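>>> pasting the sequence and the predicted coordinates here, then a few questions.
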Amino acid sequence: MPNPLSKVRPKCNYEHSPDSLRSRPGHASLIMQVIANVSLIENTRGLIFSYLLGVDDYLALLIYSEIRSASVKSSAFHAVIKASLSEEDREMLNKIDKFSKKVIAQRNKFSHGLWGTSNDLPDAILYLPSDHFLDKTHQYLDNPHARGLERKILAPGLQDRSRVMVYTVGDLENSVSESISALSLYRNFFDLVFHMHHVRNEDAAGLLKEVFAQREAEIREQLRSDLQKQ
């Protein structure tokens, strides 16, 4: 678990720059794995959406991908879920969503935050919120001698080191592991939806239905077991 810089090394010097990730390639690789896994989670949610919607996969995925608002996309997703799945399966998906919420929030932080380094912490990389430099500001007039034309300027002051988080390789490996677990849950749920569809397909042959029903039961049990571990 990452710790604030104020606790790890409160008086150390640090900087943030475009080269911060380049200077910590091992850390950068793990950060990108989290971001990539959450992209795959979103893709899998789109596949679940398209399959349950019951229309052409390309059309359904196009509709889902074109919804830019995260809240609207979530509402559309759960509307399809509510109309298509049993209460038991909806509850299972809600548990997956709940577990994944932390992972997705982590990805958003990693994608939109700033990264820094400190020579005093060569085995760590520093995460800075994007609004970090607005924590403490000084206010001054850019042209105090031009009456009526002055503008108030906010300049960065001393930053709040309690908001600068120190990530070690171990911290980032834990984040990667959580993102892999979340992705696995969504993929297994899509697998469940896929087999449920074939079990309920009236045109499917009896033996084929039996095979899919057996696999559906196995996936459902695996999901229950995996969710209990989270």
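Structure received.

>>> tell me which residues in the longest helix along the chain are buried?
The longest helix of the chain (DSSP state H) is helix 169-199. Buried residues in helix 169-199, counted by 16 or more other CB atoms under 10 Å: 171-172, 175-176, 178-179, 181-199. Where you see a C-beta, it was placed from the backbone N, CA and C, and this is true even at glycine.

>>> please apply the same query to stretch 218-229.
For stretch 218-229, by 16+ other CB under 10 Å, it's 219, 220, 223, 226.

>>> I'd like to know which of these is nearest to residue 26.
Nearest to residue 26 among those is residue 226, at 28.6 Å by CB to CB.

>>> which stretch of helix or strand covers the closest one?
helix 206-229 (DSSP states H and E).

>>> roughly how far is that helix from the heart of the chain?
Relative to the centre of its chain, helix 206-229 is centred 27 Å away, using CA atoms, centre = their mean, to the nearest Å.

>>> tell me how far the residue most central in space within the chain lies from residue 88.
Residue closest to the average C-alpha location in the chain (CA atoms, centre = their mean): residue 104, at 2.0 Å. Applying CB to CB, to the nearest Å, the value for residue 104 to residue 88 is 24 Å.

>>> can you put the buried residues of stretch 218-229 in a markdown table and add distance to residue 12 and pLDDT?
Shown next, in a markdown table, are the buried residues of stretch 218-229 (distance: CB to CB, whole Å; pLDDT from 0 to 100):
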| residue | distance to residue 12 | pLDDT |
| --- | --- | --- |
| 219 | 50 | 84 |
| 220 | 51 | 81 |
| 223 | 45 | 84 |
| 226 | 41 | 80 |
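
>>> please produce CSV containing the residues you listed, extended by distance to residue 2.
Output for the buried residues of stretch 218-229, formatted as CSV (distance: CB to CB, whole Å):
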residue, distance to residue 2
219, 35
220, 36
223, 30
226, 26
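
>>> nearest to residue 31, of these?
For the buried residues of stretch 218-229, the nearest to residue 31 is residue 226 (25.0 Å; CB to CB).

>>> got the contact list for the closest residue to that closest one other than its chain neighbours?
Nearest residue to residue 226, sequence neighbours excluded (CB to CB, 6 or more residues apart in numbering): residue 185, at 6.1 Å. Neighbour list for residue 185: 96, 99, 100, 223, 226, 227, 230 [criterion: CB atoms under 8 Å, 6 or more residues apart in numbering].
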